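# starting from these lines, generate the structure:
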Amino acid sequence: MRVGTLRSIISNAFYHEERTHCLERHLKFHIETLPDRLKIQKDNELESLQHFAMEYIHHVPEFLDALKDAAQIAGIENHVFPFLRIAEEYFISPPSLPNHHVGLMAMMDEAYLAHRLFEEINDRYISRVGMPLIPWDMTLANVVAHQLVGEELANRLDQIVLETVNKMMSQESSYESDEFQDFVKEKQGNTTPIWQEWPCLGKAAGIDWALT
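Model (predicted):
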């Protein structure tokens, strides 16, 4: 696990943003093009979007640490750690991104990959065992991030995540292990308090998504 390296990469990107304001300019440019279903506090839309984007990026290493702790408590680290390493690699060795996506803008793309990986893993767990690995809903945050990254690029990043998860889940055998079955029977046991501290990132920033 290289969460410390990931934090250093993110910290450097924040310093870059202080000098260049790349993410701020991107958000300013796209505010008027965001869909009406994306509901943002009208008193300061740019500030809300910036707050969301920064928390979304900062959240990744914190979430990786929490996932690691939850997996160790549940005794299923052999099942979870490979996915955590992939999420780290999205930052350390990212896929090809648009040339103008640098600094925090690039971090936003890479954070989207990591959060979508978490969401997809959760969905697969629910479909297989009828319960989430992570009792925390990432849907709203990822819908908002999809819009900020941009439709075309976000769809390409979604495809990268789906291909990764399909490949890894098809190779999984640990669903049959005694440790994993015990984890399911206990319904995550005492891991729940780990997740109670995580707010809904979108709503915490004054952002929501209208269903109709």
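# going forward, measure contacts between C-alpha atoms and count neighbours the same way
Fine.
# buried stuff in stretch 69-77?
Across stretch 69-77, burial judged by 16 or more other C-alpha atoms under 10 Å covers A70, A71, A74, G75, I76, E77.
# okay, the residues you listed in JSON lines with secondary structure, pLDDT and distance to R116 next?
Below are the buried residues of stretch 69-77 laid out as JSON lines (DSSP: H, G, I helix; E, B strand; the rest coil; pLDDT from 0 to 100; distance: C-alpha to C-alpha, whole Å):
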{"residue": "A70", "secondary structure": "helix", "pLDDT": "74", "distance to R116": "19"}
{"residue": "A71", "secondary structure": "helix", "pLDDT": "76", "distance to R116": "19"}
{"residue": "A74", "secondary structure": "helix", "pLDDT": "70", "distance to R116": "23"}
{"residue": "G75", "secondary structure": "coil", "pLDDT": "73", "distance to R116": "24"}
{"residue": "I76", "secondary structure": "coil", "pLDDT": "73", "distance to R116": "21"}
{"residue": "E77", "secondary structure": "helix", "pLDDT": "79", "distance to R116": "20"}
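# and of these, the nearest to L23?
Using C-alpha to C-alpha, A70 comes nearest to L23 of the buried residues of stretch 69-77, at 32.6 Å.
# OK, contacts around the residue positioned nearest the centre of the chain?
The centre of the chain sits closest to H115, judged by C-alpha atoms, centre = their mean, with a distance of 1.5 Å. Residues near H115 by C-alpha atoms under 8 Å, 6 or more residues apart in numbering: V60, M138, N142.
# what's the distance between it and A87?
8 Å (C-alpha to C-alpha, to the nearest Å).
# do the same with K28
28 Å.
# next, give phi and psi for P94.
Dihedral pair for P94: phi -70, psi 160, per degrees, to the nearest 10.
# off-centre distance for the helix or strand hosting the residue nearest to the centre of the chain?
Using DSSP states H and E, H115 sits in helix 104-129. Here helix 104-129 is found 5 Å from its chain centre; the criterion is C-alpha atoms, centre = their mean, to the nearest Å.
# please save the CA atoms from stretch 88-108 in CSV.
The C-alpha trace of stretch 88-108 is given here as CSV (Å, rounded to 0.1, in the frame of the first residue of the first chain):
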residue,chain,number,x,y,z
GLU,A,88,-3.4,3.7,-6.1
GLU,A,89,-2.0,2.9,-9.5
TYR,A,90,-4.6,5.2,-11.1
PHE,A,91,-2.7,8.1,-9.4
ILE,A,92,0.8,6.8,-9.5
SER,A,93,0.7,5.5,-13.1
PRO,A,94,-2.4,7.1,-14.6
PRO,A,95,-3.9,6.3,-18.0
SER,A,96,-3.5,8.7,-20.9
LEU,A,97,-5.4,11.9,-20.2
PRO,A,98,-6.0,15.1,-22.2
ASN,A,99,-2.9,17.3,-22.4
HIS,A,100,-4.6,20.2,-20.7
HIS,A,101,-5.6,18.1,-17.7
VAL,A,102,-2.8,18.8,-15.4
GLY,A,103,-2.5,19.4,-11.6
LEU,A,104,-5.8,19.2,-9.8
MET,A,105,-7.7,18.7,-13.1
ALA,A,106,-5.7,15.5,-13.6
MET,A,107,-6.3,14.5,-10.0
MET,A,108,-10.0,15.0,-10.6
